[in-house]
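> just to be clear, the model below is a prediction. Sequence and coordinates:
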Amino acid sequence: MSNNLTLYHQETSVCSSKVRFALAEKNLDYDSRILDLGKGEQHDPEYLRMHPKGLVPTLVHDDKVIIESTIICEYLDDEFTTLPLRPEDNYDRVKMRMWTRQIDEDIHAMTSVISTAIAFRYMHLQAPPEIVEEKIEKIKDRARRNRIRETIYKGVEADIVKDSALRFAKLINDMQQALKQSPWLAGESFSLADIALAPYVTRLDHLQLQFMWGDCPDVADWYNRICKRDGYVISHSKWFENDFIVGLMKEKGEESAAVIRQYLASA
């Protein structure tokens, strides 16, 4: 079986981190192609032929193009069967897919909201207004385009930011309940569920929102164990060292923490 893999990704993208985590856990080598999202390389016609939505990551295996991070991770586990990342028990697989499904349904969108409102907006607003609008208009999905526009201009005062914070609070609570019953999210074995959630909890960590799991000791323990895995170090920590965006998230996250706390307290 060919191991000719090329990954088009970005250093701090949660979806990119997820796929890198799966690749690392399966000990798969790949050719790394970094896209500069700030320069709009994801909108280059050549890349759009592979990923029409202009998002990262994209995996190319030989001549096969696979998009959408959840699908990429399952493809890798199907194609390369050593070091499996799905539970043997069928019901545990159901639980695994329930975690990955909710990420695709709304968690990912809420991550974009809270990340842009707290930190990423400052990178956008360095450009002249017409350039900001030009970049926003390149976002193909209208709902995502509208969310990005609101959070860039209104920051944490945007109405949707409170919704995002509350959605994450529910996610963390659900994780706590699951981790009371088993060491990993989908049962006794580390799985794609843990790989899928790790980048999102990491993003909350980078945004200085660790207080969200201050009363959830099992989530704190899970995250601590995740961060110590070799696969996490290879796929996450290594890519975050001295990264400007991580530094920006820390700085702006500290400034915004009181507002997020207020949103959670008012629920």
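Arrived safely. Numbers count the residues shown, from 1 in each chain.
> any idea which helix or strand in this structure has the lowest mean pLDDT?
helix 129-137 (a mean of 92; mean pLDDT, DSSP states H and E).
> can you show me the CA trace of it as CSV?
Output in CSV follows, covering the C-alpha atoms of helix 129-137 (Å, rounded to 0.1, in the frame of the first residue of the first chain):
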residue,chain,number,x,y,z
PRO,A,129,-11.5,48.6,5.2
GLU,A,130,-11.9,47.8,1.5
ILE,A,131,-9.3,45.1,1.8
VAL,A,132,-11.0,43.7,4.9
GLU,A,133,-14.3,43.5,2.9
GLU,A,134,-12.6,42.0,-0.1
LYS,A,135,-11.2,39.2,2.1
ILE,A,136,-14.6,38.6,3.8
GLU,A,137,-16.4,38.5,0.4
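> which neighbouring elements make contact with that helix?
For helix 129-137, the elements it packs on are helix 142-154, judged by 3 or more CB pairs under 8 Å, 6 or more residues apart in numbering; DSSP states H and E. The way it works is simple: take the backbone N, C-alpha and C, and place the C-beta from them, glycine included.
> the helix it packs on: which residues count as buried?
Of the residues in helix 142-154, 144, 147, 148, 149, 150, 151, 152 count as buried by neighbour count, 16 or more other CB atoms under 10 Å.
> show me what it is in contact with.
109, 112-113, 116-117, 120-121, 124-125, 132, 136-137, 139, 158-161 (CB atoms under 8 Å, 6 or more residues apart in numbering).
> quick one: mean pLDDT for the strand or helix carrying residue 224?
Element membership for residue 224 (DSSP states H and E) is helix 217-228. Averaged over helix 217-228, pLDDT sits at 98.
> give me the contacts around that helix.
Counting by CB under 8 Å, 6+ apart, 172, 175-176, 179-180, 183-185, 194, 198, 201, 205, 213, 232-233, 236-237 sit against helix 217-228.
> next step: the residues you listed restricted to strands.
Among these, DSSP state E puts none in strands.
> just the buried ones from these?
Applying 16+ other CB under 10 Å to the contacts of helix 217-228 flags 172, 175-176, 179, 184-185, 194, 198, 201, 205, 213, 232, 236 as buried.
> so where's this protein shaky on pLDDT?
Along the chain, segments meeting pLDDT under 70 span 1-2.
> try 90
Residue ranges of the chain with pLDDT under 90: 1-3, 38-40, 135, 138-141, 143-144, 241-243, 266-267.
> what ranges do the helices span in it?
Counting by DSSP state H, the chain has helices at residues 14-25, 45-50, 69-79, 90-102, 108-115, 121-124, 129-137, 142-154, 159-181, 192-206, 217-228, 230-232, 238-240, 244-265.
> how about CSV for those, with distance to residue 6 added?
Compiled in CSV, the helices of the chain are given as follows (distance: least, CB to CB, whole Å):
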stretch, distance to residue 6
helix 14-25, 11
helix 45-50, 10
helix 69-79, 12
helix 90-102, 23
helix 108-115, 23
helix 121-124, 27
helix 129-137, 26
helix 142-154, 26
helix 159-181, 32
helix 192-206, 20
helix 217-228, 26
helix 230-232, 20
helix 238-240, 17
helix 244-265, 23
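> which one of those helices lies closest to residue 39?
helix 129-137 (10.2 Å; CB to CB).
> buried stuff in that closest one?
Using 16+ other CB under 10 Å as the test for burial, helix 129-137 gives 132, 135, 136.
> just want the angle from it to helix 142-154.
150 degrees (axes from the mean of the first three to the mean of the last three CA atoms, to 10 degrees).
> ok, residue 111 - contacts?
14, 164, 200, 203.
> list the contacts of the first one.
The contact partners of residue 14, by CB under 8 Å, 6+ apart, come to 108, 111, 199, 200, 202, 203.
> got it, and the third one?
For residue 200, the set of contacting residues under the criterion of CB under 8 Å, 6+ apart consists of 14, 103, 107, 108, 111, 171.
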